[in-house]
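Q: What follows is a protein structure lacking sequence information:
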């Protein structure tokens, strides 16, 4: 069954129709052009004003419904790109193939790949608002950014003076019933080093080691769950093979994105032929160790060894350097926040490693609610790089989003939520990165809040979105648009409608 046919049975119908369209357009980061053209053409056909900036961000404007012209302008914001993750052995080309969704136990998933509900559901909701002429709203803008997942370059390049609205609703968080008012900033660390290769030592044989079956996930949302990092787990096994048998690394690859927890890792290893029969026992030993360590967290882990072919290997010195480095680099939580209890302050994700063609390449992503925390951890990584002869480039730094509890955007959603459900939604700060910090840098006057339906497994092929929560998300969005307060008078310090909320 095609995506549109499958999803057409779900409500709200307009939202799911637009999500089916998004599934039909491959859209990994920096490859959003085809989808952007389609949305732009669709909006123009509906008589809406469409603009595109130099980097590819799309802005669509819809006039207020009659009688709502005096309301504060609303910006609905999401990002067009998705994380492209695939299970080993699944055939899928993210540059040509559509996402194929399936429905299972009240959730929508894809098979073997990420679904793109992050942030496809938010984008679909914004497009549905543009199409649904029964909704009541003030002046409306829909801002669809590019390259959020790979570096936030779209939000980073957002020009001042383009947006006219007063309130921004970011549709890119993943827990229904929670409103987010702040997020972590981040910076990428890229380590590189030249390596020395030599002919395969006499009497050695090549084998392949594989770690697979881990859950992976979002390096911001899921970092506190302490799931296994396939890269570091594999490095432990390989180091044991070195210590016991004098093994040498040939090649290694693990992880695919700096902001996704590594689920799989693969290595070619040169081992004395006489010791190859002993590797099955090594694999059994470490499989038991890892399953005990990851009990209740990542119990599906598998460790495999199988024959391989190679003619060269790293020098013994460089092989040990790489394995020691991969275990020395920090991964996981560095510090919990004292200012916001229950939230991770600072973390690092050891996301990608490649050892091939006499080169070492490692991608890491540091996140923190504080600039000092981010710079301290990035500095620690840079110091480890220097000690191991690696270059370290820190790039793509983006600011966190500082909470502003007294906000009409938050008050708007909270008042509507309270009226519908008889209680307040939780107000939180998220350790993941949102574009709000960068947008706020260009538009400091914008009052922002982020919310969305329930999504689990983002940035992994386990990604799913809960159907019932999408319906609730849509109902709240529609009701909030109808309840937008009057616009502020130019130059005023209007506080009417504000609430003070403890985070």
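A: Perfect, I can see it now. Keep in mind that this is a model prediction, so the values were computed, not measured.
Q: Okay, strands next: where are they in the stretch 1-150 of the chain?
A: 49-52, 58-62, 74-79, 101-104, 107-110, 140-145 (DSSP state E, counting those that start in this stretch).
Q: where does this protein dip in pLDDT?
A: Low-confidence segments of the chain, defined by pLDDT under 70: 1-4, 489-503.
Q: can you list the domain ranges for it.
A: 3-183+401-482, 187-394 (automatic domain parsing).
Q: Can you add mean neighbour count and distance to residue 488 and give those domains back as TSV?
A: To be clear about C-beta, it is placed using only N, CA and C from the backbone, and glycine gets the same treatment. Shown next, in TSV, are the domains of the chain (neighbours: other CB atoms under 10 Å; distance: least, CB to CB, whole Å):
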stretch	mean neighbour count	distance to residue 488
domain 3-183+401-482	20	6
domain 187-394	19	29
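Q: Compute the inter-axis angle for the helix or strand hosting residue 472 and strand 140-145.
A: Per DSSP states H and E, residue 472 falls inside helix 467-482. Angle, helix 467-482 to strand 140-145, by axes from the mean of the first three to the mean of the last three CA atoms, to 10 degrees: 130 degrees.
Q: Could you name the helices and strands sitting against helix 467-482?
A: If you count contacts as 3 or more CB pairs under 8 Å, 6 or more residues apart in numbering; DSSP states H and E, helix 467-482 packs onto helix 13-24, helix 117-131, helix 408-421.
Q: where do the helices sit along the stretch 101-250 of the chain?
A: With DSSP state H, counting those that start in this stretch as the criterion, the stretch 101-250 of the chain has helices at 117-131, 153-156, 230-245.
Q: quick one: which of those helices is nearest residue 96?
A: Of all the helices of the stretch 101-250 of the chain, helix 117-131 sits nearest to residue 96, with 17.9 Å by CB to CB.
Q: and the direction of the closest one versus that of strand 140-145, what angle?
A: Relative orientation of helix 117-131 versus strand 140-145 (the same axes, to 10 degrees): 150 degrees.
Q: who touches residue 301 in this structure?
A: 211-214, 228, 233, 287, 290-291, 294 (CB atoms under 8 Å, 6 or more residues apart in numbering).
Q: any idea which of these is closest to residue 172?
A: Nearest member of the contacts of residue 301 to residue 172, counting by CB to CB, is residue 214, at 25.1 Å.
Q: and the closest one, what is it in contact with?
A: 227-228, 230, 261-264, 298, 300-301.
Q: Which of the residues you listed fall in helices?
A: residue 230 (DSSP state H).
Q: now the contacts of residue 214 in CSV, with distance to residue 328?
A: Converted to CSV, the contacts of residue 214 look like this (distance: CB to CB, whole Å):
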residue, distance to residue 328
227, 20
228, 18
230, 17
261, 19
262, 16
263, 22
264, 22
298, 22
300, 27
301, 22
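Q: I'd like to know which of the contacts of residue 214 are part of strands.
A: Assignment to strands by DSSP state E places the following of these there: residue 261.
Q: Which of the contacts of residue 214 sits closest to residue 137?
A: Of the contacts of residue 214, the one sitting nearest to residue 137 (CB to CB) turns out to be residue 261, at 38.4 Å.
Q: For the closest one, list each beta-bridge partner.
A: Taking DSSP bridges, one finds residue 217 as the beta-bridge partners of residue 261.
Q: Contact partners for the closest residue in space to residue 237 that isn't next to it in sequence?
A: Residue nearest to residue 237 in three dimensions, not counting chain neighbours: residue 286, with 4.9 Å by CB to CB, 6 or more residues apart in numbering. Going by CB under 8 Å, 6+ apart, residue 286 touches 236-237, 240, 303.
Q: just residue 331 next, same as before
A: By CB under 8 Å, 6+ apart, the residues touching residue 331 are 229, 232, 348-350.
Q: Can you report phi and psi for it?
A: phi -150, psi 140 (degrees, to the nearest 10).
Q: What distance do you get for it to residue 351?
A: Distance from residue 331 to residue 351, counting by CB to CB, to the nearest Å: 9 Å.
Q: With residue 68 instead?
A: 45 Å.
Q: One more: residue 284?
A: 29 Å.
Q: Quick one: the helices and strands packed on helix 467-482 as JSON lines, columns for distance to residue 38 too.
A: Output for the helices and strands packed on helix 467-482, formatted as JSON lines (distance: least, CB to CB, whole Å):
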{"stretch": "helix 13-24", "distance to residue 38": "7"}
{"stretch": "helix 117-131", "distance to residue 38": "11"}
{"stretch": "helix 408-421", "distance to residue 38": "30"}
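Q: between those, which gets nearest to residue 448?
A: Residue 448 lies closest, by CB to CB, to one member of the helices and strands packed on helix 467-482: helix 408-421, at 5.7 Å.
Q: next structured bit after that closest one?
A: strand 426-430.
Q: Looking at the contacts of residue 301, which is nearest residue 19?
A: residue 214 (27.7 Å).
Q: so, if you compare the contacts of residue 301, which one comes nearest to residue 85?
A: residue 214 (12.1 Å).
Q: distance of the closest one from residue 225?
A: 11 Å.
Q: and what of residue 94?
A: 26 Å.
Q: And for residue 37?
A: Taking CB to CB, one finds residue 37 at 38 Å from residue 225.
Q: Quickly find the element holding residue 389.
A: Residue 389 belongs to no helix or strand, assigned by DSSP H and E.
Q: So which elements touch the longest strand anywhere in the chain?
A: For the chain, the strand with the greatest residue count under DSSP E is strand 344-356. Secondary-structure packing of strand 344-356 (3+ CB pairs under 8 Å, 6+ apart): helix 230-245, strand 248-254, strand 260-261, helix 316-328, strand 332-336, strand 359-368, helix 371-387.
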